[in-house]
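Enquirer: Coordinates for the following, if possible.
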Amino acid sequence: MTIRLLLADDQELIRTALAALLDLEDDFEVVAAVGRGDEVVAAVLEHRPDVALLDIEMPGVDGLAAAAVLAEKAPDCRVVILTTFGRAGYLRRAMGAGAVGFVVKDARAEALADAVRRVMRGERVVDPALAAATLAAGDSPLTPREVDVLNAARSGATVAAIAGNLYLSEGTVRNYLSAAIAKTGTHNRMEALRVADERGWL
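Expert: The predicted structure follows:
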């Protein structure tokens, strides 16, 4: 059986090299390659790949958002996130978006080919070092409201703006930010946001 593949990566050199490597496998056929996240869903619906290999950082929408849409619109397409960003937070979000695999780009070509075949057999495939880091990060200590406030702070919004957007008082926003900063062991809200992101707590 030939496994039909779609590649999505915004770097043309990487996309071309991956396609060439994967085409060397007798049981693989690269049926589509796109350079933007907002091209993924249309390409999957048109070409009907068995597996979509998605980078995270792409223009349009990121690979995690594309994976979530594919889970809804093309549930038969298995998604493997293939990225340079081996962070626990990305792994948690990828699995939450419906991805069945997470492989870092510095993996050997044989490991990627093996991952594709394993997800086709119904297995989940995760880079072992990343899986260990994700488990070590533990469950989120943040409350849902602390998560809301940190996410609202992402754009650098003022306390007043966050309070207005979330229908909270400024004092309540400051309390949530202080709690999030304490729980992440950081010194300010942007550091707290970065740490919470990396650990998959947002």
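Enquirer: Buried residues, the top helix by length along the chain. List them.
Expert: Ranked by residue count under DSSP state H, the longest helix found in the chain is helix 170-184. Neighbour counts over helix 170-184 (16 or more other C-beta atoms under 10 Å) mark Thr172, Val173, Arg174, Tyr176, Leu177, Ala179, Ala180, Ile181, Lys183, Thr184 as buried. (Each C-beta comes from the backbone N, C-alpha and C, glycine too.)
Enquirer: I'd like those residues as JSON lines, with distance to Pro144 appended.
Expert: Converted to JSON lines, the buried residues of helix 170-184 look like this (distance: C-beta to C-beta, whole Å):
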{"residue": "Thr172", "distance to Pro144": "14"}
{"residue": "Val173", "distance to Pro144": "14"}
{"residue": "Arg174", "distance to Pro144": "18"}
{"residue": "Tyr176", "distance to Pro144": "10"}
{"residue": "Leu177", "distance to Pro144": "15"}
{"residue": "Ala179", "distance to Pro144": "12"}
{"residue": "Ala180", "distance to Pro144": "12"}
{"residue": "Ile181", "distance to Pro144": "17"}
{"residue": "Lys183", "distance to Pro144": "13"}
{"residue": "Thr184", "distance to Pro144": "16"}
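Enquirer: which of the residues you listed lies closest to Ala115?
Expert: Nearest to Ala115 among the buried residues of helix 170-184 is Thr184, at 31.8 Å by C-beta to C-beta.
Enquirer: Wait, that closest one touches Glu198, no?
Expert: No. In this structure Thr184 lies outside contact range of Glu198 using C-beta atoms under 8 Å: 9.7 Å.
Enquirer: from the buried residues of helix 170-184, which single one is nearest Val104?
Expert: Among the buried residues of helix 170-184, Thr184 lies closest to Val104 (C-beta to C-beta), at 24.4 Å.
Enquirer: ok, that closest one - contacts?
Expert: Contacts for Thr184 (C-beta atoms under 8 Å, 6 or more residues apart in numbering) come out as Glu191, Ala192, Val195, Ala196.
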